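Asker: What shape does this take:
(4 chains)
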2 protein chains.
Amino acid sequence: MTTRMPVEDRRAQLVEAALAVAASEGIGAATVRRVAEEAGVALGVVHYCFADKDELFAALATRIVDELARAGSEGLAFDGATDLAGALHAAVAALWDTIEVTRGAQLLTYEITTHALRDPDLHAVARRQYEVSHAAAASLLALAADASGAAWVRPLDDVAGEALAFVDGVTLRWLVDGDSAAARARLDGFAAYLATQAKAGRRRARQRAAS
Amino acid sequence: MTTRMPVEDRRAQLVEAALAVAASEGIGAATVRRVAEEAGVALGVVHYCFADKDELFAALATRIVDELARAGSEGLAFDGATDLAGALHAAVAALWDTIEVTRGAQLLTYEITTHALRDPDLHAVARRQYEVSHAAAASLLALAADASGAAWVRPLDDVAGEALAFVDGVTLRWLVDGDSAAARARLDGFAAYLATQAKAGRRRARQRAAS
DNA sequence: GTCTATAGTTGGATAGAC
DNA sequence: GTCTATCCAACTATAGAC
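Answerer: Prediction:
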């Protein structure tokens, strides 16, 4: 009853449908049947496009990580920030604004992680999730320091690892208690701490980058 | 074929079986059938002891939180610590030793949380999980300050909230990358930060507690 | 009061139609 | 090459035996 469509387009459509279902109703609700229904296609179409459920699931995970990477490389403007503390404060505020309006997607991210950790074939999915997140955190922190003319006194990866862990924990807690004010306060406190992990330097000139 | 047993004993046995299955194979593997098999009883026995799967699951969640609370109130000895930084260092080291040898249980805790967050009837389970953890963190921090004669300069709940979030995030990351050394380093760094959130005071006398 | 045998529902996969 | 109709397995739940 549905219109015929190239398999690649169909795949993309099905992954979007899977994302919609999983984000709003949980990973457990994203059955092959339910995804087919959401996409408005017959059950077997999904199995035509994906070898099995795991393959559909892996495609969904990739789709989510890609969006994560994209979101991470956006909103990296620190024009107004005068010092590192201010830049970090602005960064966590912007980050939180995004998190807060994507509750289902955030929860899904944790569901994907735990699910992947139980399945040896999918463990790499979880690893990649965190590699991407870690890289995004590191580049954000590097940029914040750069924009405010500060320099981290510890290895960037160490600082990024701590920041990622903290944001992760704060997000999870917020998913449970829904206390946005507390989450923001925690992030602000952590941003202030992070600022102590760098030393101020001369404000970097706009036009030229130091070697 | 199994020996007859009072329903309450049977319930406890089944919850233990459910815990064993869920911790080692994931929450998804903890089906009624699988639990019955693990316990060595017929399928219907589970439904005799629990109204439905959700009730078994709720009992499992309670079982886990109870253990969490018990573990939290143990290992709170800071005899040797001379200052707050040392006490916190010892505390996170001990905490991590426990976490590291209970990987399946840690992962299960996150699975329970996300699962509960998707089910309105089970949302309270997730809340209670975090209330218990938060209380444990707060009492640990209070005791650490007490033992080293320091006093937190910020509300205890704020500090506990940050600590819990951080430990949560570090644990999750470790579940993914298995890097124990990095996890320990992160926790140590955070312990050092926490120590800056208190002011030193006179070492409290052993025999009497201040009002 | 405790357990067994059976029914009913849901979901993943495939053979074959168009 | 794309989709439909059907099958099979796994799971939850209950009726009834002991």
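Asker: Under a three-state scheme, what state does the residue nearest to the spatial centre of chain A occupy?
Answerer: What sits nearest the mean C-alpha location of chain A, by Cα atoms, centre = their mean, is A:L68, with 3.7 Å. What DSSP: H, G, I helix; E, B strand; the rest coil gives for A:L68 is helix.
Asker: Those residues of chain A touching DNA strand D, which are they?
Answerer: Residues of chain A that fall close to DNA strand D, judged by Cβ under 7 Å from any atom of the strand: A:1-7, A:10, A:41-45, A:47-48. From N, CA and C alone the C-beta is placed, and that goes for glycine too.
Asker: Could you identify the buried members of the residues you listed?
Answerer: A:R10, A:V41, A:V45 (16 or more other Cβ atoms under 10 Å in any protein chain shown).
Asker: Format these as a markdown table; extra columns: distance to B:G104.
Answerer: What follows is those, written out as a markdown table (distance: Cβ to Cβ, whole Å):
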| residue | distance to B:G104 |
| --- | --- |
| A:R10 | 38 |
| A:V41 | 38 |
| A:V45 | 37 |
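Asker: Mean pLDDT per helix and strand in chain A: which one sits at the bottom?
Answerer: Ranked by mean pLDDT, DSSP states H and E, the weakest helix or strand in chain A is helix A:53-72, scoring a mean of 90.
Asker: May I see the buried residues of that helix?
Answerer: For helix A:53-72, by 16+ other Cβ under 10 Å, it's A:L56, A:F57, A:A58, A:A59, A:L60, A:A61, A:I64, A:V65, A:L68, A:G72.
Asker: Return the member of those nearest to DNA strand C.
Answerer: Proximity of the buried residues of helix A:53-72 to DNA strand C (Cβ to the nearest atom of the strand) peaks at A:L56, which lies at 8.0 Å.
Asker: Surely the residue nearest to the centre of chain A and A:A136 touch.
Answerer: Yes - at 7.3 Å, A:L68 and A:A136 qualify as touching, with contact defined as Cβ atoms under 8 Å.
Asker: phi, psi of A:D119?
Answerer: With angles defined as degrees, to the nearest 10, A:D119 sits at phi -110, psi 110.
Asker: Report the contact partners of A:T31.
Answerer: Contact analysis of A:T31 by Cβ atoms under 8 Å, 6 or more residues apart in numbering or on different chains lists A:K53.
Asker: Show me which pair in the residues of chain A next to DNA strand D is furthest apart.
Answerer: A:P6 and A:L43 (19.6 Å; Cβ to Cβ).
Asker: roughly how far apart are the residue in chain A positioned nearest to DNA strand D and A:V32?
Answerer: Closest residue of chain A to DNA strand D, Cβ to the nearest atom of the strand: A:G44 (2.4 Å). Between A:G44 and A:V32 the computed distance is 9 Å (Cβ to Cβ, to the nearest Å).
Asker: quick one on the thing from earlier: is it possible to get JSON lines of the buried residues of helix A:53-72 that adds distance to A:F166?
Answerer: Rendered in JSON lines, the data for those read as follows (distance: Cβ to Cβ, whole Å):
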{"residue": "A:L56", "distance to A:F166": "33"}
{"residue": "A:F57", "distance to A:F166": "29"}
{"residue": "A:A58", "distance to A:F166": "29"}
{"residue": "A:A59", "distance to A:F166": "31"}
{"residue": "A:L60", "distance to A:F166": "27"}
{"residue": "A:A61", "distance to A:F166": "24"}
{"residue": "A:I64", "distance to A:F166": "21"}
{"residue": "A:V65", "distance to A:F166": "21"}
{"residue": "A:L68", "distance to A:F166": "17"}
{"residue": "A:G72", "distance to A:F166": "16"}
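Asker: Report the secondary structure state of A:R154.
Answerer: Relying on three-state DSSP, one would call A:R154 coil.
Asker: and what of the one 3 residues further on?
Answerer: Classification of A:D157 by three-state DSSP places it in helix.
Asker: State the number of residues packed around it.
Answerer: By other Cβ atoms under 10 Å in any protein chain shown, 14 other residues sit near A:D157.
Asker: ditto for A:E8
Answerer: Other residues close to A:E8 by other Cβ under 10 Å number 9.
Asker: can you check A:R154 too?
Answerer: For A:R154, using other Cβ under 10 Å, the count is 11.
Asker: Just give the closest residue to it, not the sequence neighbours.
Answerer: A:Q197 (5.7 Å; Cβ to Cβ, 6 or more residues apart in numbering or on different chains).
Asker: Now do the phi/psi pair for that neighbour.
Answerer: phi -90, psi 10.
Asker: who's in contact with it?
Answerer: A:W152, A:V153, A:R154, A:V159 are the contacts of A:Q197 under Cβ under 8 Å, 6+ apart.
Asker: Reformat these as JSON lines; add pLDDT and distance to B:Q106.
Answerer: Listed next are the contacts of A:Q197 as JSON lines, based on pLDDT from 0 to 100; distance: Cβ to Cβ, whole Å:
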{"residue": "A:W152", "pLDDT": "98", "distance to B:Q106": "30"}
{"residue": "A:V153", "pLDDT": "97", "distance to B:Q106": "32"}
{"residue": "A:R154", "pLDDT": "97", "distance to B:Q106": "27"}
{"residue": "A:V159", "pLDDT": "98", "distance to B:Q106": "25"}
